[in-house]
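Asks: Mind looking at a prediction? Sequence and model below.
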Amino acid sequence: MKILYYDCFCGISGDMNLAALIDLGVPKEYLMEELSKINLNTEYEIKIERSAKLGITGTRVDVILNDKSYHKIHVSEQASHGDNHKHAHEHSHEHSNHNNDEEQHQDENNDSKEGHVHNHEHHHRSLKDIEKIINSSGLNDGVKKLSLDMFMKVAEAEAKVHGKTLYEVHFHEVGAIDSIVDMVGAAICLDFLKADKIMASPVQVGGGFVKCAHGLMPVPAPATIEILKNIPVKFGIVPFETTTPTGAAILAVNVGVFTENMNFSVEKIGYGIGHRDLEIPNVLRIYLGSEDRNNEREEQYILETNIDDMNPELYGHIEEKLFAQGALDVFRTAISMKKGRTATKLSVLVNGKQEKNVLEVIFKETTSIGIRKYKVEKMMLKRDFVEIKTKYGNVTVKNAYYQGEKVKYKPEYEDCKRIANEKNIPIDRVYKEVYKMMEVNDFDK
Ligand SMILES: O=C([S-])c1cc(C(=O)S)c[n+]([C@@H]2O[C@H](COP(=O)(O)O)[C@@H](O)[C@H]2O)c1
Ligand code: NI
């Protein structure tokens, strides 16, 4: 199983993400070819170069916007550690911190927007504008959807923070060309890498204050922390903004599990170099790895509540809703509560991504007013599926392997039930027939 793991010890911004994914092996030519399928009516240049922070070398990305309105994309590659990036003058969002509030200009030491240099671009695009740009592009459907999901995340956060509706929101920085390149670029690279699972560490958000289009904002910026709700974060390792709304949206949409538990073997490491010099290496590290398929382990959570005052008829419906929201398992235990009350303990197994939706179902659909949550580690046998031909019809069988050896197999219940109903025979007869055919065909080995 192919894993991508975001190690966000110094946070994440859109350009650091793009740089780290290129560093991991996404071909620049492929990225540029795909990006050229969006019509932005603006000439811009993407500079991809080798760079370093505190001795860690990696890839750095700059999007440079030219004032002329051609739709032409250039890539320029430089091999050196460019210490002079004054291609354009920054005007709109500058970083400041509580210790040092002086005016900052675009250079290697104090960039104004993590990873980007951009020229005078005053468009404040709306979600509608962005949807139009992406939907009318020649990008594949998966990349379009992923890009739109990330913009939607930012739009939802902006709407919430500023008390507006989704379509009233005007992206300031996030609607600029460089942010479109970051967001769509992220979708193109992730689509190219085709990881089975994307994981991340808790996200360092930084500290201090940041000057952006809205004025001076506390770090994490309101949109950033809104997007990172229910995601583990760390604060204040440096008094600067280390995670931006774009970076937060990339994680929130794509990461399935946030954990420090890296239960896989690392095969490749990509470093995306940020612009500002910090006391810690200003880089995003992304690992490409694979999971040990003989002994799969996954961190999951149990959400649990004791219910003693609900019509038991409702459980069937609630269970269906929980599964529809991505619960991995739902089970009930008969319990005896204080004051001699007989009750039901409802337990729902989830991963980090499904937690929010599952909580909502429990709170809205049951009488519960409190839920316990605890982390569990699940160990799973490697499994695969075979289709077995029987005289009644085809049945899928699940095989399970322990250290490479098949230790058990089981016909899929839903297939057996369907056949039993279609043929009007006892379900047990279907099971027996499947087991017989497994032996006949030596599939039981
Ligand atoms: O552009 C938007 S929507 C925006 C909203 C907010 C809020 O917190 S509200 C903050 N910012 C700041 O702009 C820069 C650039 O962000 P990117 O995501 O485009 O890299 C950053 O300092 C944000 O905090 C932008
Ligand atoms: Ni805002």
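Replies: Yep, that arrived. Ligands and ions are numbered 1, 2, ... in the order given.

Asks: rest of the way, CA atoms for contacts and neighbours
Replies: Fine.

Asks: buried stuff in the helix or strand encompassing Y401?
Replies: Element membership for Y401, per DSSP states H and E: strand 393-402. Going by neighbour count (16 or more other CA atoms under 10 Å), the buried part of strand 393-402 is 395-397, 399-401.

Asks: Give me the contact list for it.
Replies: By CA atoms under 8 Å, 6 or more residues apart in numbering, the residues outside strand 393-402 that reach it are 294-295, 381-389, 406-412, 415-416, 419, 434.

Asks: 7 Å instead?
Replies: 294, 381-389, 406-412, 415-416 (CA atoms under 7 Å, 6 or more residues apart in numbering).

Asks: Same check on stretch 137-150?
Replies: The contact list for stretch 137-150, computed with CA under 7 Å, 6+ apart, reads 34, 37-39, 131, 134-135, 183-184, 187-188, 191, 249-250, 253.

Asks: give me every residue that touches A195.
Replies: A195 makes contacts with 2-4, as judged by CA under 7 Å, 6+ apart.

Asks: number of nearby residues for K164?
Replies: 15 (other CA atoms under 10 Å).

Asks: where does it land on pLDDT?
Replies: pLDDT for K164: 95.

Asks: quick check, it in a helix?
Replies: No. Counting by DSSP: H, G, I helix; E, B strand; the rest coil, K164 falls outside a helix, being coil.

Asks: how far does stretch 241-261 sit from the chain's center?
Replies: Distance of stretch 241-261 from its chain centroid, counting by CA atoms, centre = their mean, to the nearest Å, is 6 Å.

Asks: and the end-to-end length of it?
Replies: With CA to CA, to the nearest Å as the measure, stretch 241-261 spans 25 Å from end to end.

Asks: With stretch 247-263 instead?
Replies: Distance between the two ends of stretch 247-263: 24 Å, counting by CA to CA.

Asks: What lies in contact with that stretch?
Replies: For stretch 247-263, contacts defined as CA under 7 Å, 6+ apart pick out 12-14, 149-150, 153-154, 197-202, 224, 227-228, 291, 351-353.

Asks: Could you do stretch 423-437 as well?
Replies: 390, 411, 416-417, 420.

Asks: Can I get it as PDB, trimmed to CA atoms?
Replies: What follows is stretch 423-437, C-alpha atoms only, in PDB (Å, rounded to 0.1, in the frame of the first residue of the first chain):
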ATOM      1  CA  LYS A 423     -33.000 -19.500  -5.700                       C
ATOM      2  CA  ASN A 424     -35.300 -19.800  -2.700                       C
ATOM      3  CA  ILE A 425     -33.000 -22.100  -0.900                       C
ATOM      4  CA  PRO A 426     -31.500 -22.100   2.600                       C
ATOM      5  CA  ILE A 427     -28.500 -19.700   2.900                       C
ATOM      6  CA  ASP A 428     -26.500 -22.500   4.600                       C
ATOM      7  CA  ARG A 429     -26.800 -24.600   1.400                       C
ATOM      8  CA  VAL A 430     -25.100 -21.700  -0.500                       C
ATOM      9  CA  TYR A 431     -22.300 -21.500   2.000                       C
ATOM     10  CA  LYS A 432     -21.700 -25.300   1.900                       C
ATOM     11  CA  GLU A 433     -21.600 -25.200  -1.900                       C
ATOM     12  CA  VAL A 434     -19.000 -22.400  -1.900                       C
ATOM     13  CA  TYR A 435     -16.800 -24.300   0.600                       C
ATOM     14  CA  LYS A 436     -17.100 -27.400  -1.600                       C
ATOM     15  CA  MET A 437     -16.100 -25.500  -4.700                       C
END
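
Asks: Tell me how far V181 lies from T42.
Replies: Distance from V181 to T42, by CA to CA: 12 Å.

Asks: With neighbour numbers in mind, choose between the two.
Replies: For V181 versus T42, the count of surrounding residues by other CA under 10 Å is larger for V181: 22 against 17.

Asks: Check what pLDDT the nearest residue to the more buried one once chain neighbours are set aside gets.
Replies: Leaving aside its chain neighbours, V181 sits nearest to L35 (7.3 Å; criterion: CA to CA, 6 or more residues apart in numbering). The model reports L35 with a pLDDT of 96.

Asks: for L35, phi and psi?
Replies: phi -60, psi -30 (degrees, to the nearest 10).

Asks: got any ranges where this protein has weak pLDDT?
Replies: Per-residue confidence for the chain (pLDDT under 70) gives these ranges: 67-123, 173-175, 292-297.
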